[in-house]
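> Task: produce atomic coordinates for the following.
(2 chains)
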Amino acid sequence: MSVQHRKSSAFTLATMLLLLFVIVGCSNTGSGDESSSAASDQTSTKSITMSWPRDIGTMNPHTYNPSQLFAQSMLYEPLISYQKDGKLEPALAESWTISDDGKVYTFKLRQGVKFSDGTPFNAEIVKKNFDAVMKNKDTHSWLGIVGVLDKTEVVDDQTFRLTLTEPYYPVLQDLSVVRPFRFLGEAGFPDDGDTSQGIKEPVGTGPWMLAEYKQDEYAVFKRNPNYWGTAPKVDQITVKIIPDGETRVLAFEKGDLDLIYGEGVISLDAFQQLRDNDEYVTQLSDPVGTRSLLLNSSNPKMSDVRVRMALQQGFNKKAMVEGVTSGLEEPADTVLSKNYPYTNVDLEPITYDVEKSKALLDEAGWKLPAGGTVREKDGQQLDFEMIFDKTDPIQKAMAETIQAEWSELGVKVNLTGLELTVQIKRLKANDFDLYFWYNYGAPYDPHSFINVVASPGFGISETLSALPMKMELDDQVHAALSSTDETKRQELYGSILKTLQEQSAIVPISYIKKTAVYQKKISNFIFPANRDENPFVGIELGN
Amino acid sequence: MIGYIGKRMIAIIPIVFIATLVTFALIHISPVDPAEAYLTAAHIYPTPELLAQKRHEFGLDQPMLTQYVHTIQKIAKLDFGTSYLTNKPVWDEVKLRIPATAELAFWSMLLSALVSIPLGILAAVYKNSWIDMVSRAISYFGASIPQFWLGYLLIFFFSVKLDWLPVEGRGSWENLVLPTITLSLILIAVYTRLLRSSVLEQLQETYVQYARTRGIRERVIMLKHVLKIAISPLITGMGMSMGKLLTGTIIVEQVFSWPGFGRYFVDAIFNRDIPVIQCYVFLAACLFIVCNLLVDLVQLVMDPRISAKGRAEH
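The predicted structure follows:
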């Protein structure tokens, strides 16, 4: 190769490389025009921009991840809607009757409801949706109604009937959840009718329609012109996908976002900082769930109620919750907060009392050896392993606090930070001593909670397995779930919750709340009673 | 030359093969069962029956060797299966995200080259002058500041306080400015120092002194002789960074909500979306190999002292 030739090859190659980079680099710069138009098209219409950590997903009403619950609830509606304090109100069903044996539910559907594409909502489409969901029964087996649903029928155009194999009282609550029992219009169904593999287009009866969408970037929801109910006060909701919490706060401070809401969507520090700023409005919801600590009674050391009680009394819950969550969570006295149906029961709170705690441990035979720091019994030390999600700063801080406080009692705690998936795996395999656990919230609780108390495989039944009255507890749960008598049900719930409180195997720590931060132009922001629903319908926009 | 390229291309095959084998092995020795991972990602309670059904569907009940052969056959057809999370073909999802990452990688590379080449040369030529000090300060700053922190700082000043640029997202050129600067700074820091030291090294060489005695102008010596050789380590460095940038600039994509490949991969890890992880590792291996090859080719044509034959043999 001559020098001249080599030089020209070098030049050609360098040029080609540069060209390649330019092509790759520039090929997509044009694609952003739509997104900027979407983001800036807010001046003429009454529009709200919010952010969400993840893409809204496929908007299939009958499947789960990656579709986001709040977005699904904007498009699709339930037969029955879950309201404050567990009140059930008509939604797409105007009224309903339940047979005396509790097995047949007949729904009168609301007249004049149309899907966003103008097609009518009737009993046929209701049945089609139910059947599509039940075709993949296994997928939805976590929801109680799926296990007892026997038959779906179209009685007439506006009447739909469900028949169960056995009575199960939370049918109406189960129908109010965001997925899977909500309704897709005919045009959305794939040709084979199997929605589990995808839908053609998201057509619902809800107040909103998906108008524009760019995966991982943004979604724009506009008002559904065919909506049967009171039309939303704002015309448009733009959802920007911002995965990072700190970036979300910066975008809010710049004014790019009008609203941030949800659970754990921004750090507690950031929330505090925004709360201290007069320019913004902040809100905390009612409790949406309880942060609890499971004390696994199948561990022989914790099978003694005196040990469990001593552990619960032996740490300052109030100080810990205040300190770790800066007062954004509320110390919890009972496993379920009182804003669910049947949970407003008088239960004796278990209060912080170190002396009593030490006395209980002594009484249980766990004594401090002379000069020792860890209690012993029959040559064994009183030590436990506490597993926690290592990416969750609150769990980590709480685990460390409890470890320090219990060491004062002579109880040794070894902390193991795990990845969430491994943590859940160990819970299900009953391979843990101490575990942070959360209940499901409304509208799933209290019935989902008592269900896992009695059903093995979720970790809770195993935690309670060494309780002397476990069998009785399970029977009470089954009786409560299948009872058709409201008073009896209340009695059973009262008894179950009392037993759990006295047995101290599920230690309530704090009530988790949703946070909302918004610009002052927004008013009438109310957290929905249903944990997964969106809060947009009532929102108003000022200047 | 063509023979050399051919040989290098063939050498890619065993490397990719090993990469797939390692990924396959890692997935199989990981404590997480892919069938369980799928059900968890789909929010389905994994009953033993469902697990067995899914294991059969994924072919996990087949002998290891059969599973591996199937994996290789599918990869050869660019079929990486469907994502556990979205139920869509992984390759389609990846194709959707690569342009965003490539765009960011391209501009970051360009910016860092445009700044570091002149800065590196000037710092060497005017050693210990103010410009050398400035280049050193930039290098210290760029190398020591964490990228996410720099990202937040830039957003805070240029977006929130001054309101010049958008906070996040992808779209117009304005969206590109801050993430590009964030990514480039560390590259500038490294390249500037690299070029400075290799220029200084060349300036000590006898051929430079000889050229000077021949009365050739400094600028000509620098551009025609010194730089041609001194730039070689920089090209290697840039090639390696290109691979890194193209496989996703995970933190920066997260901070600036950039819908790229890196962010997609992070989500996949959190959700144990095994087909996506497998595809990512495969593509990363390929990209690094191709970038490496490109670097070698550029070196080959730029440095007359390296013969194609000699290179191929080493």
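> Which parts of the stretch 251-400 of chain A are strands?
A:259-262, A:280-295, A:330-331, A:376-377, A:380-381, A:383-389 (DSSP state E, counting those that start in this stretch).
> The longest one - contacts with which helices or strands?
With contacts defined as 3 or more Cβ pairs under 8 Å, 6 or more residues apart in numbering or on different chains; DSSP states H and E, the secondary structure elements packing on strand A:280-295 are helix A:268-275, helix A:305-313, strand A:434-438, helix A:460-463, strand A:506-519. No exception for glycine: its C-beta is placed from N, CA and C like everyone else's.
> export the ones you listed to JSON lines and tack on mean neighbour count and mean pLDDT?
Listed next are the helices and strands packed on strand A:280-295 as JSON lines, based on neighbours: other Cβ atoms under 10 Å in any protein chain shown; pLDDT from 0 to 100:
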{"stretch": "helix A:268-275", "mean neighbour count": "17", "mean pLDDT": "90"}
{"stretch": "helix A:305-313", "mean neighbour count": "23", "mean pLDDT": "95"}
{"stretch": "strand A:434-438", "mean neighbour count": "20", "mean pLDDT": "94"}
{"stretch": "helix A:460-463", "mean neighbour count": "23", "mean pLDDT": "92"}
{"stretch": "strand A:506-519", "mean neighbour count": "22", "mean pLDDT": "95"}
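> Could you say which one of these comes nearest to B:Ile221?
Proximity to B:Ile221, assessed across the helices and strands packed on strand A:280-295 by Cβ to Cβ, is greatest for helix A:268-275 (56.1 Å).
> Point out the other helices and strands that that closest one packs with.
helix A:245-254, strand A:280-295, strand A:506-519.
> ok, so what distance separates the spatially most central residue of chain B from B:Ile235?
With distances taken as Cα atoms, centre = their mean, B:Lys244 lies nearest the centre of chain B, 1.6 Å away. Noted for B:Lys244: a distance of 15 Å to B:Ile235, by Cβ to Cβ, to the nearest Å.
> what comes up buried for stretch B:137-152?
For stretch B:137-152, a neighbour-count test (16 or more other Cβ atoms under 10 Å in any protein chain shown) marks B:Ile138, B:Ser139, B:Gly142, B:Ile145, B:Gln147, B:Phe148, B:Leu150, B:Gly151, B:Tyr152 as buried.
> Show me those that map onto helices.
Judged by DSSP state H, the buried residues of stretch B:137-152 include B:Ile138, B:Ser139, B:Gly142, B:Gln147, B:Phe148, B:Leu150, B:Gly151, B:Tyr152 as members of helices.
> what's near enough to touch the third one?
Put plainly, it is B:Gly142. Neighbour list for B:Gly142: B:Leu185, B:Ile186, B:Leu187, B:Ile188, B:Ala189, B:Val190 [criterion: Cβ atoms under 8 Å, 6 or more residues apart in numbering or on different chains].
> low pLDDT regions in the chain?
No chain specified, so I'll use chain A. Within chain A, the ranges that satisfy pLDDT under 70 run A:1-44, A:543.
> looking at chain B here, not the other one
B:1, B:41-45, B:248, B:303-314.
> so how far is the longest helix belonging to chain B from its chain's centroid?
Looking across chain B with DSSP H, the single longest helix is helix B:90-125. Relative to its chain's centre, helix B:90-125 lies at 9 Å (Cα atoms, centre = their mean, to the nearest Å).
> any idea how far whichever residue of the stretch 351-500 of chain A sits closest to chain B is from B:Gln202?
Residue of the stretch 351-500 of chain A nearest chain B, by Cβ to the nearest Cβ: A:Thr421 (5.9 Å). Separation of A:Thr421 from B:Gln202 (Cβ to Cβ) stands at 53 Å.
> okay, these two: which has more neighbours?
B:Gln202 (21 against 18; other Cβ atoms under 10 Å in any protein chain shown).
> now the helices and strands packed on strand A:280-295 in CSV, with distance to A:Leu69?
Output for the helices and strands packed on strand A:280-295, formatted as CSV (distance: least, Cβ to Cβ, whole Å):
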stretch, distance to A:Leu69
helix A:268-275, 21
helix A:305-313, 33
strand A:434-438, 16
helix A:460-463, 23
strand A:506-519, 13
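> So for A:Arg306, which of the helices and strands packed on helix A:268-275 sits nearest?
Smallest distance to A:Arg306 across these (Cβ to Cβ): 12.0 Å, for strand A:280-295.
> Compute the number of surrounding residues for the residue of the stretch 201-350 of chain A found nearest chain B.
Residue nearest to chain B within the stretch 201-350 of chain A: A:Asp216 (3.7 Å; Cβ to the nearest Cβ). Here the count is done by other Cβ under 10 Å, and A:Asp216 has 21 residues near it.
> nearest residue to B:Val266 other than its sequence neighbours?
Leaving aside its sequence neighbours, B:Val266 sits nearest to B:Ile250 (Cβ to Cβ, 6 or more residues apart in numbering or on different chains; 5.7 Å).
> Between the two ends of stretch A:400-418, how far is it?
This stretch, stretch A:400-418, spans 14 Å end to end (Cα to Cα, to the nearest Å).
> Would you mark the buried spots in it?
Buried, per 16+ other Cβ under 10 Å, within stretch A:400-418: A:400-403, A:405-406, A:409-413, A:416, A:418.
> Is it positioned near chain B?
No: under the criterion of Cβ under 8 Å from any Cβ of the partner chain, chain B is not reached by stretch A:400-418; the shortest gap measures 10.8 Å.
> what's around A:Asn316, how many residues?
15.
> how much space between it and A:Gly323?
From A:Asn316 over to A:Gly323 (counting by Cβ to Cβ), the distance is 9 Å.
> What of B:Ser197?
Applying Cβ to Cβ to B:Ser197 and A:Gly323 gives a distance of 51 Å.
> now A:Val220
For A:Val220 relative to A:Gly323 (Cβ to Cβ), the value is 42 Å.
> which residues does B:Thr82 contact?
B:Lys88, B:Pro89, B:Val90, B:Pro275.
> Can you add neighbour count and distance to A:Ser523 and give those back as a markdown table?
Shown next, in a markdown table, are these (neighbours: other Cβ atoms under 10 Å in any protein chain shown; distance: Cβ to Cβ, whole Å):
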| residue | neighbour count | distance to A:Ser523 |
| --- | --- | --- |
| B:Lys88 | 15 | 40 |
| B:Pro89 | 17 | 45 |
| B:Val90 | 25 | 45 |
| B:Pro275 | 24 | 46 |
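> coming back round to it: contact partners for the residue nearest to B:Val266?
Neighbours of B:Ile250 in contact, by Cβ under 8 Å, 6+ apart: B:Gly262, B:Arg263, B:Phe265, B:Val266.
> wait, is the first one part of a helix?
Yes: secondary structure assignment (DSSP: H, G, I helix; E, B strand; the rest coil) places B:Gly262 inside a helix.
> Now that it has come up, it's in contact with B:Lys244, right?
No: in this structure, B:Gly262 is not within contact of B:Lys244 by Cβ atoms under 8 Å, at 10.2 Å.
> Pull up the residues of the stretch 101-250 of chain A that are close to chain B.
A:138-139, A:141-142, A:197-198, A:215-218, A:240-244, A:246-247, A:250.
> Can you select the buried ones from the residues you listed in ChimeraX?
In ChimeraX, a selection of the buried entries from these looks like this (16+ other Cβ under 10 Å):
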select /A:139,142,215,216,217,218,240,241,242,243,244,246,247,250
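> Any idea which residue of the stretch 151-300 of chain B lies closest to chain A?
For the stretch 151-300 of chain B, Cβ to the nearest Cβ, closest residue to chain A: B:Gly171, 2.7 Å.
> where does that residue land in three-state SS?
coil.
> And for it, the neighbour number?
For B:Gly171, the number of neighbouring residues by other Cβ under 10 Å comes to 22.
> what does the stretch 201-314 of chain B put close to chain A?
Contact residues, the stretch 201-314 of chain B versus chain A (Cβ under 8 Å from any Cβ): B:254-257, B:259, B:263-264, B:267, B:271-272, B:294, B:297-298, B:301-302, B:304.
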